[in-house]
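A.B. asks: Got a predicted model here, sequence first, then my questions.
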Amino acid sequence: MPRRFLLALLLLTSTASAASRPYHIELEANPATPFPFLAKFGTVTLHLYPGGVRAETFWLNGFSRNGTSTITVENPLGRMYTDMPIADISAVLRRMASVEPGIMNATPSSEPPVAGKVRGIDARRTRLTYGPQAWIDVWTTTAVPETPQLRAIIQELVRGISPGTARALRSIAGTPLYIELNFSHYKKLPLVRLKSFFSNNAGETEALKVGKLYFKAPLLDSIWK
C-alpha cells in the first residue's frame, strides 16, 4: 500500500509540475493568402503564455487572458484600445467579407493522429480531409499545457469562415505548432508555423496588459480607422 501511494504521489507531482511549467511559444500566421479579405492584417505573430495569448500585426495588436470573455484590441498608432467579446469574432469576420458558400458549408472528416515532430518537439498530425485532393494538416503538441484562450479564439475565427471545420478542430487536443493547407490552389501552404519555443514566460505580464498612455475607445469601429 505505501508503495502504491508513493507512485501516485510521484505521478501527481510530475503532472502538477508540467501544468505549471513556464513557456512562451511564438507562432506566425499567414491567413491573407487563402482569405484575401484579411490582407490588411498582414502576417500575424501569436505569443502563447501560460496566462493567455497576444497577437501582433503591423496595424493592430490584441491580447486575451485565460478565463476572460473578451479580447483587448489595441491601435498602436492612435494609442487607443477597446474590449471586444470573443463571441463577436464570427460576426465581425462575416461583415468584413462574404465567404464562399463552398467553404462555409465544408465539413471535413478527421483521420487518426500520426506521431511526429515539429522542429524537434514531439507532436501529432491530424489530417482534416475535404476530398481526395483537399486536406488540412494540423500539428499539435501536449509538451506544454494548452492556452485556453487560444482555443476559444481559434474556434470563433474558424467558425466565422467554416462552421464544419470549427467543429472538427474542437476535437483536436494540444497546442498548434504547424498548420498546412493542401487545396487545388494552395499546395503545402503554411497557414500557421512555429517561430520559436522558450521554456520561460519572460515578458508575459507586459504582453497581457494595455500599453502605457493608451485611452479606451467606446466602439470597435474607432480602432479600425
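C.D. replies: The structure has been received and is ready for your questions. In this text the structure is predicted, and so the values were computed from the model without any measurement. Residues are numbered from 1 along each chain as shown.
A.B. asks: Which stretches in this protein count as strands?
C.D. replies: 24-29, 44-49, 52-56, 61-65, 70-75, 80-85, 109-110, 114-118, 121-131, 134-141, 175-182, 189-198, 215-216 (DSSP state E).
A.B. asks: wait, which of these is closest to Ile154?
C.D. replies: Proximity to Ile154 (C-beta to C-beta) singles out strand 175-182 among those, at 7.7 Å. C-betas here are computed from N, CA, C, even on glycine.
A.B. asks: Just the residues contacting that closest one, thanks.
C.D. replies: When contacts are defined by C-beta atoms under 8 Å, 6 or more residues apart in numbering, strand 175-182 is touched by residues 25, 27, 34, 48, 118-119, 121, 123, 133-147, 150, 154, 188-194.
A.B. asks: least trustworthy helix or strand in the protein by mean pLDDT?
C.D. replies: Sorting the helices and strands of the chain by mean pLDDT, DSSP states H and E puts helix 2-20 at the bottom, at a mean of 41.
A.B. asks: ok, now how distant is the most centrally placed residue in the chain from Leu48?
C.D. replies: Centroid-nearest residue in the chain: Leu150, 4.3 Å away (criterion: C-alpha atoms, centre = their mean). Distance of Leu150 to Leu48, computed by C-beta to C-beta, to the nearest Å: 6 Å.
A.B. asks: In the protein, where is pLDDT below threshold?
C.D. replies: 1-20, 97-104, 219, 221-225 (pLDDT under 70).
A.B. asks: ok, 50 please
C.D. replies: 1-19 (pLDDT under 50).
A.B. asks: Report the separation between Ala115 and Leu27.
C.D. replies: Distance, Ala115 to Leu27, using C-beta to C-beta: 21 Å.
A.B. asks: my bad, Pro112
C.D. replies: Counting by C-beta to C-beta, the gap from Pro112 to Leu27 is 25 Å.
A.B. asks: Comparing those two, which residue is more hemmed in?
C.D. replies: Leu27 (23 against 8; other C-beta atoms under 10 Å).
A.B. asks: List the contacts of that one.
C.D. replies: Counted by C-beta under 8 Å, 6+ apart, Leu27 has contacts Thr45, Leu46, Leu48, Pro176, Leu177, Val192, Arg193, Leu194, Lys195.
A.B. asks: so the second one touches Gln149, yeah?
C.D. replies: What that stands for is Leu46. No: under the criterion of C-beta atoms under 8 Å, Leu46 makes no contact with Gln149, lying 10.8 Å away.
A.B. asks: Give the residue from those two that has the larger number of neighbours.
C.D. replies: Set side by side, Leu46 and Gln149 show more neighbours around Gln149, with 24 against 20, by other C-beta under 10 Å.
A.B. asks: That one and Ser69 touch, don't they?
C.D. replies: No: between Gln149 and Ser69 there is no contact under C-beta under 8 Å: 9.9 Å.
A.B. asks: can you tell me how far Ile153 sits from Val114?
C.D. replies: Distance from Ile153 to Val114, by C-beta to C-beta: 26 Å.
A.B. asks: So those two - more neighbours on which side?
C.D. replies: Ile153 (19 against 12).
A.B. asks: Need the strands of the chain in TSV (columns: distance to Arg94).
C.D. replies: What follows is those, written out as TSV (distance: least, C-beta to C-beta, whole Å):
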stretch	distance to Arg94
strand 24-29	20
strand 44-49	19
strand 52-56	20
strand 61-65	19
strand 70-75	17
strand 80-85	15
strand 109-110	25
strand 114-118	32
strand 121-131	21
strand 134-141	21
strand 175-182	21
strand 189-198	20
strand 215-216	26
